[in-house]
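Novice: Take this sequence and fold it.
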Amino acid sequence: MGIDLLEKNQLDQEWIQLIVEAQKLGIPVSEIQDFFKNSSNS
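Specialist: Now for the predicted structure:
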């Protein structure tokens with residue numbers, strides 16, 4: 001259980017970094033979310 005929490009936290013860190021980078025480039029966060037929803041479905 002502790003490991004799952006750690007992995008989720010790691011994922012959150014990566015998400016935050018991704019969103020920060022995207023905003024620097026002017027990419028809307030909603031576009032990133034759509035991209036991830038699409039890529040996780042397939």
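
Novice: how about V29, what does it touch?
Specialist: Counting by C-beta atoms under 8 Å, 6 or more residues apart in numbering, V29 touches 19, 22-23. In short, each C-beta sits where N, CA and C put it, glycine included.

Novice: Restricted to strands, list the residues you listed.
Specialist: With strands taken from DSSP state E, there is no overlap with the contacts of V29.

Novice: Which entry within those corresponds to the minimum pLDDT?
Specialist: Taken together, these show their lowest pLDDT at I19, with 86.

Novice: count of neighbours near it?
Specialist: 14 (other C-beta atoms under 10 Å).

Novice: mind checking pLDDT for the closest residue to it other than its chain neighbours?
Specialist: Once flanking residues are discounted, I19 sits nearest to V29: 5.5 Å by C-beta to C-beta, 6 or more residues apart in numbering. Looking at V29, its pLDDT stands at 82.

Novice: Can you give me the distance of L18 to V29?
Specialist: Separation of L18 from V29 (C-beta to C-beta, to the nearest Å): 9 Å.

Novice: Quick check: phi and psi on the residue nearest to I19?
Specialist: With angles defined as degrees, to the nearest 10, V29 sits at phi -60, psi -30.

Novice: thinking again about what came up before, closest one to L11 out of the contacts of V29, please.
Specialist: The closest of these to L11 turns out to be I19 (C-beta to C-beta; 12.5 Å).

Novice: from what I can see the closest one touches I32, true?
Specialist: Yes: using C-beta atoms under 8 Å, I19 is in contact with I32, at 6.7 Å.

Novice: Tell me how many other residues surround I32.
Specialist: 16.

Novice: which ones are touching the residue nearest to it when sequence neighbours are not counted?
Specialist: Spatial nearest neighbour of I32, chain neighbours left out: A22 (5.4 Å); criterion: C-beta to C-beta, 6+ apart. Residues near A22 by C-beta under 8 Å, 6+ apart: 28-29, 31-32.
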